[in-house]
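Student: need coordinates for the below:
(2 chains)
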There are 2 protein chains.
Amino acid sequence: MAASTHPKNLDPKNFGLLIYPGFEALDAFGPIEVINNLSLTHKDISLSVIAATLDPVSTLHKGMHSVGQSVVPTHSFNDAPALDVLIIPGGWGGFDTAPELRQWVRDTVPQLDTLITVCNGSALAAQTGVLDGRSATTNKMLWKECVAHGPKVNWVAKARWVRDGNIWTSSGVTAGIDVTLAWVANEYGDELSVELANIMEFTRAESSLHDPFSDVYKCEDVPAQVKID
Amino acid sequence: MAASTHPKNLDPKNFGLLIYPGFEALDAFGPIEVINNLSLTHKDISLSVIAATLDPVSTLHKGMHSVGQSVVPTHSFNDAPALDVLIIPGGWGGFDTAPELRQWVRDTVPQLDTLITVCNGSALAAQTGVLDGRSATTNKMLWKECVAHGPKVNWVAKARWVRDGNIWTSSGVTAGIDVTLAWVANEYGDELSVELANIMEFTRAESSLHDPFSDVYKCEDVPAQVKID
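Tutor: Below is the predicted model:
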């Protein structure tokens, strides 16, 4: 994959959404609703929906649900454009991705300006090593299962989202909306973030630390178990 | 279309999501996330994604956005199954739907146990007459444009959602999550609604009357302008 086309002093242009069998619908379409609406005023952005192949990708996973939907990719791993921002949703399938997906993530993330993960999307990213030495958060209902995938990650329990440099990880499902609006506030200013939240009639989390669900599911911080050289 | 297969004393089995060009992604996938997760424990439910044809349907509308996604229908208007529950999302395309879509809505809604609309999905429904004489709410940013489509509807401004009998209408975009969780609470009990909200790490609106966005956009009630005989 080519290096990002986004010079550091310009707004991001090329967004990507990674999907895979068993991705969580709202993990994807929460953040994407923000980016879709961003494109109402920022007409020069594009978003690629990227998967292993161009076949529609279902949210279904191993018979767990009886209800699922299929989304059409625009690009495969072979022809995905260089990206400035990549969004990785979680989902039951995120614990069980194909080696070629994990290799694509491993190759792609170092080229990005920004990585945004939702839910156990951070566990998926952690499996590839791209979160080693970083602070991150993840799904709260499946906290222990998620953090086990990243022994070199500092897992922060009480967080709606965590920013560590250019990597923004969020808590479960609807937290993906908050992390994306927080990233918009950082990148474009708070006024636009408020405007996009109002369009979505969404009340943003008061701060990144406002996370009632770490209490609901009794989650505790898990520092990195392996020292990074 | 055949009558609903849902006897009034049984749980709903057959859900439908209506999509059309220019539907709003999160209007659809907020409620659908609830239904997808409902199917983790209620394995006997199904959800049909229904459109004019089986071709993938894009969220794009007349060049307003530069970013859109495409979803694959499972059924067309010609072969959609009998439904217990229909979800109608809004979106920019919802102001400008094809006559055959409006006829399908007109024919289908009387057969339903429950209609749930999101955002200007209620304006679309109002155009077909199925909301005549009902109380309803709709998108707050586009309040005046929306209510103009339903002169025989009692439009309630300060409402996250409105229930009038078997018709549940919600405010904009993320309010679709709240109305669906409220419907779940009514149909299956509050415990399951809380459980589904926690899975989504979503803080439910305190009540149907909790609606800060009617203030943001200075919306006012619009009683029905035409008397229903």
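Student: low-confidence regions, chain A specifically.
Tutor: In the prediction, chain A carries residues with pLDDT under 70 at positions A:1-9, A:228-229.
Student: now do the helices in it.
Tutor: A:25-41, A:99-108, A:121-127, A:143-147, A:175-188, A:190-199, A:212-216 (DSSP state H).
Student: okay if I get the ones you listed as TSV plus distance to chain B and mean neighbour count?
Tutor: (Glycine included, C-beta is placed from N, CA and C.) Formatted as TSV, the entries for those read as follows, by distance: least, C-beta to the nearest C-beta, whole Å; neighbours: other C-beta atoms under 10 Å in any protein chain shown:
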stretch	distance to chain B	mean neighbour count
helix A:25-41	4	26
helix A:99-108	19	16
helix A:121-127	13	28
helix A:143-147	11	21
helix A:175-188	5	23
helix A:190-199	6	18
helix A:212-216	5	17
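Student: quick one, strands of chain A?
Tutor: Taking DSSP state E to define them, one finds strands in chain A at A:14-18, A:46-51, A:57-58, A:70-71, A:75-76, A:85-88, A:114-117, A:135-136, A:154-155, A:161-164, A:167-170.
Student: contacting residues for the residue sitting nearest the centre point of chain A?
Tutor: Closest to where the C-alpha atoms of chain A average out (C-alpha atoms, centre = their mean) is residue A:117, at 1.9 Å. Taking C-beta atoms under 8 Å, 6 or more residues apart in numbering or on different chains, we find residue A:117 in contact with A:87-90, A:124-125, A:136, A:138, A:167-170.
Student: repeat for residue A:226
Tutor: Residues in contact with residue A:226, defined by C-beta under 8 Å, 6+ apart, are A:151-152.
Student: go again with 10 Å.
Tutor: By C-beta atoms under 10 Å, 6 or more residues apart in numbering or on different chains, the contact set of residue A:226 is A:132-133, A:150-153.
Student: any idea how far it is from residue B:65?
Tutor: Here the distance between residue A:226 and residue B:65 works out to 43 Å (C-beta to C-beta, to the nearest Å).
Student: cool, residue A:118 as well?
Tutor: With distances defined as C-beta to C-beta, the gap from residue A:118 to residue B:65 amounts to 21 Å.
Student: comparing the two, which residue is more hemmed in?
Tutor: Looking at residue A:118 and residue B:65 with other C-beta atoms under 10 Å in any protein chain shown, you find the greater number of neighbours at residue A:118, namely 35 against 23.
Student: wait, the more buried one sits on residue A:86?
Tutor: No - using C-beta atoms under 10 Å, residue A:118 is not in contact with residue A:86, being 11.6 Å away.
Student: okay, the helices of chain A in a markdown table with distance to residue B:42 next?
Tutor: Below are these laid out as a markdown table (distance: least, C-beta to C-beta, whole Å):
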| stretch | distance to residue B:42 |
| --- | --- |
| helix A:25-41 | 17 |
| helix A:99-108 | 30 |
| helix A:121-127 | 26 |
| helix A:143-147 | 23 |
| helix A:175-188 | 25 |
| helix A:190-199 | 32 |
| helix A:212-216 | 22 |
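Student: who wins for proximity to residue B:176 among the ones you listed?
Tutor: Evaluated with C-beta to C-beta, the helices of chain A place helix A:25-41 nearest to residue B:176, the distance being 10.7 Å.
Student: ok, the residue nearest to residue A:105 when sequence neighbours are not counted - contacts?
Tutor: Setting aside the residues directly before and after it, residue A:105 is nearest to residue A:128 in space (C-beta to C-beta, 6 or more residues apart in numbering or on different chains), at 4.7 Å. For residue A:128, the residues meeting the contact criterion (C-beta under 10 Å, 6+ apart) are A:88, A:97, A:101-109, A:149-150.
Student: list phi and psi for residue A:128.
Tutor: Here the main-chain torsion angles of residue A:128 (degrees, to the nearest 10) amount to phi -90, psi -10.
Student: for residue B:175, see how far away it is.
Tutor: Separation of residue A:128 from residue B:175 (C-beta to C-beta): 36 Å.
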